[in-house]
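Colleague: what follows is a predicted protein model with its sequence.
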Amino acid sequence: MEDSPDLWTYTWYRGGQEVVQEAGVSFGSEGSDLTISQVRPEPAGQYTCTGQLKGRPVKSEPSKPQSLEVKEIPVPSVALQTPWSPVFTSESVELKCSMEDSPDLWTYTWYRGGQEVVQEAAVSFGSEGSVLTISQVRPEHAGQYTCTGQLKGRPVKSEPSKPQSLEVKEIPVPLVALQTPWPDVFPSEKAEMNCKMQDSPDDWTYTWYRGGQKMAVQEPGVSFGSDGSQLVISSARQEHEGEYNCTGQLKGRAPVTSEHSKPLSLSVYDKKPTPELIQDPGHRKMYAKESIKFSCKVSASSGWEFHWFKDSAKLPNQGENYTIPSASYVNAGAHRCRATRGQEPPFTTDSNTITINVEERPRATVTLLTGWSEVFSADRLDLKCEVHGSEDTWNYTWFGGSEQSPLSFNAKHPVMSKDVNQSHYSCMGNRSSRPLYSQRSEPFKTTNLLLKRRVLLSISGCLFFGIIAVFIGCIVMRITRKPVTSEDKPEEVNLFLTRAELQASDVAPCPLAEYVSDEEKPALTKDAEDIDPVCHESTPLPLSFSEVEAETSETNGGLKSFKY
């Protein structure tokens with residue numbers, strides 16, 4: 001009470017209910033003070049009090065209510081103010097501890113791994129300790145960070161915040177690698193190399209050095225990628241030779257710069273190489289079916305691809321070696337190879353040219369040595385193998401029929417009459433100098449000759465023995481035949497008559513008269529038939545001298561001998 005407060009006693013109410021003394025609740029003198037030693041959520045509410053005059057039944061009206069708000073002690077939170085994680089050594093890191101409500105009423109204490117963080121070199125605290133700054137992070141600064149808050153002027157201390165992890169890494173060192181798989185290049189050749197961080201390479205930019213000197217961004221013949229990670233030498237020259245390395249800078253975080261990478265050496269030759277084309281065997285004149293092997297050799301560097309050409313035509317790609325297993329005339333011509341490597345456009349260099357000619361091998365021929373007269377008297381045929389068009393000494397191999405195994409190895413080969421089944425004989429020549437062997441001869445057929453010989457010998461044998469048999473038969477018949485007696489002989493008719501016998505004959509006609517006369521014969525009468533037809537010397541010829549003279553005059557006197 002404002003007037004005479006000592007004359008009154010007081011009673012306390014919370015939400016209309018009288019507050020009684022209990023654990024944690026006490027009253028002052030006459031009840032004028034109400035003390036709650038350990039506030040819990042349940043004492044919160046509307047507090048009022050009434051006064052009662054000591055010794056008198058006078059009681060006042062309740063006072064105006066006084067609200068008592070009870071809150072739980074808040075827990076602070078820790079946030080990493082640096083917008084990236086992990087952080088690299090030498091970077092600056094900032095951590096902040098704050099209360100959601102009335103943060104200015106609190107002071108803060110920091111802990112790392114449960115141990116209080118104290119101010120030291122590179123470690124500082126902001127206003128009221130709410131900010132923890134590490135200016136140059138070292139690996140030992142990594143860990144779990146928490147903080148607690150203490151209410152200013154009041155013994156109210158919060159629970160520790162949730163931990164905030166701080167990851168600290170050493171700055172990585174980039175790696176330089178060749179994109180082209182060879183460390184040495186030739187004039188005008190392209191070379192390419194990369195500088196990369198193994199982890200999160202896209203977060204970095206790169207700077208190149210040659211011989212320890214920083215390379216200019218606009219160096220002639222040299223270009224860089226957008227982030228500097230790629231270095232391209234479009235056309236190599238002698239001044240591009242040297243040791244290359246690079247450094248990495250973390251994007252947006254200037255203090256983070258890596259150490260130099262290990263150097264990469266690039267060699268530049270003073271001139272282009274010339275591939276050497278080698279032929280094995282090294283003869284310019286080759287024979288059909290011989291094997292030819294070409295090799296394309298580049299003595300410098302590596303990574304070559306090879307392409308082959310004959311005259312102006314490109315041959316199928318065969319790698320470093322190109323082999324012709326069986327040469328023919330289509331393989332003749334000028335051969336060369338080309339070595340290339342790289343892409344868009346490839347670096348190329350051409351070899352020397354080797355021109356070869358391909359000739360047919362000489363052909364062996366088979367001739368029959370046995371003469372035709374000997375074919376039917378000898379018991380075998382002799383064949384001879386020769387390689388025409390060559391004066392060199394040859395050795396020969398004989399083959400029979402479809403068999404591939406040799407029959408003999410002499411220039412001459414005998415065919416016996418019993419070998420009629422071996423119908424075809426061929427041969428080929430071989431020697432120690434080129435060409436090592438000839439073409440095989442056309443097959444020589446012996447079957448017909450041997451068969452004819454057998455047939456003719458059989459026929460001649462039959463004829464011989466037939467004549468012998470007839471001769472012997474005649475001798476036998478002559479010996480065994482009986483002589484004929486005169487009585488048994490038939491009368492022989494004399495077909496050839498003498499002139500006297502003809503004149504004496506009554507029946508002999510005169511054919512000359514009939515032949516010479518060209519008069520028409522009169523019809524035979526009974527009297528004519530009785531005329532004796534015998535031709536005598538005195539029988540006149542029916543020719544007139546006038547006719548004879550006419551005929552002789554026409555023949556220029558050819559018949560003058562007939563004139564008398």
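Modeller: Now that the structure is in, tell me what you want to look at.

Colleague: where do the strands sit along the stretch 51-200 of the chain?
Modeller: For the stretch 51-200 of the chain, applying DSSP state E, counting those that start in this stretch gives strands covering 66-68, 77-80, 87-88, 93-98, 106-112, 115-116, 123-125, 131-134, 143-151, 164-166, 168-169, 175-178, 184-185, 191-196.

Colleague: what is the mean pLDDT for the second one?
Modeller: Averaged across strand 77-80, pLDDT comes to 92.

Colleague: what does stretch 350-363 give?
Modeller: Here the average pLDDT along stretch 350-363 is 93.

Colleague: check stretch 39-55 too.
Modeller: Mean pLDDT, stretch 39-55: 81.

Colleague: can you give me the domain boundaries for the chain?
Modeller: Per automatic domain parsing, the structural domains of the chain span 5-68, 77-169, 175-268, 276-359, 364-452, 507-554.

Colleague: please name whichever of those domains is nearest to residue 464.
Modeller: domain 364-452 (13.3 Å; C-beta to C-beta). Backbone N, C-alpha and C define where each C-beta goes, glycine included.

Colleague: rank the domains of the chain by pLDDT, which is bottom?
Modeller: Among these, domain 507-554 scores lowest, with a mean of 43.

Colleague: circling back: any chance of a markdown table for the strands of the stretch 51-200 of the chain, columns distance to residue 45 and mean neighbour count?
Modeller: Formatted as a markdown table, those follow (distance: least, C-beta to C-beta, whole Å; neighbours: other C-beta atoms under 10 Å):
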| stretch | distance to residue 45 | mean neighbour count |
| --- | --- | --- |
| strand 66-68 | 6 | 11 |
| strand 77-80 | 30 | 16 |
| strand 87-88 | 50 | 20 |
| strand 93-98 | 30 | 20 |
| strand 106-112 | 26 | 20 |
| strand 115-116 | 39 | 9 |
| strand 123-125 | 40 | 15 |
| strand 131-134 | 39 | 20 |
| strand 143-151 | 22 | 20 |
| strand 164-166 | 38 | 17 |
| strand 168-169 | 51 | 17 |
| strand 175-178 | 70 | 16 |
| strand 184-185 | 89 | 22 |
| strand 191-196 | 68 | 21 |
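
Colleague: mind putting the ones you listed in TSV, distance to residue 31 included?
Modeller: Listed next are the strands of the stretch 51-200 of the chain as TSV, based on distance: least, C-beta to C-beta, whole Å:
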stretch	distance to residue 31
strand 66-68	15
strand 77-80	43
strand 87-88	61
strand 93-98	42
strand 106-112	35
strand 115-116	45
strand 123-125	47
strand 131-134	48
strand 143-151	29
strand 164-166	50
strand 168-169	61
strand 175-178	83
strand 184-185	102
strand 191-196	81
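
Colleague: would you turn the domains of the chain into a markdown table with distance to residue 468?
Modeller: Listed next are the domains of the chain as a markdown table, based on distance: least, C-beta to C-beta, whole Å:
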| stretch | distance to residue 468 |
| --- | --- |
| domain 5-68 | 160 |
| domain 77-169 | 127 |
| domain 175-268 | 99 |
| domain 276-359 | 60 |
| domain 364-452 | 20 |
| domain 507-554 | 49 |
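
Colleague: how about the contacts made by the closest residue in space to residue 329 that isn't next to it in sequence?
Modeller: Spatially, and ignoring its direct neighbours in sequence, residue 329 is nearest to residue 358 (5.2 Å; C-beta to C-beta, 6 or more residues apart in numbering). Under the criterion of C-beta atoms under 8 Å, 6 or more residues apart in numbering, the neighbours of residue 358 are 286, 287, 288, 327, 328, 329, 331, 332.

Colleague: helix/strand/coil for residue 358?
Modeller: Under DSSP: H, G, I helix; E, B strand; the rest coil, the three-state class of residue 358 is strand.

Colleague: distance of it from residue 401?
Modeller: Distance, residue 358 to residue 401, using C-beta to C-beta, to the nearest Å: 31 Å.

Colleague: and residue 334, what does it touch?
Modeller: If you count contacts by C-beta under 8 Å, 6+ apart, residue 334 has them with 310, 311, 353, 354, 355.

Colleague: would you confirm that it belongs to a strand?
Modeller: Yes. Under three-state DSSP, residue 334 falls within a strand.

Colleague: residue contacts, residue 111?
Modeller: 117, 145, 146, 147, 148, 160.

Colleague: out of those residues, who's nearest residue 227?
Modeller: Nearest member of the contacts of residue 111 to residue 227, counting by C-beta to C-beta, is residue 145, at 33.3 Å.

Colleague: apart from its neighbours in sequence, what residue is nearest that closest one?
Modeller: Nearest residue to residue 145 in three dimensions, chain neighbours excluded: residue 164, at 4.8 Å (C-beta to C-beta, 6+ apart).
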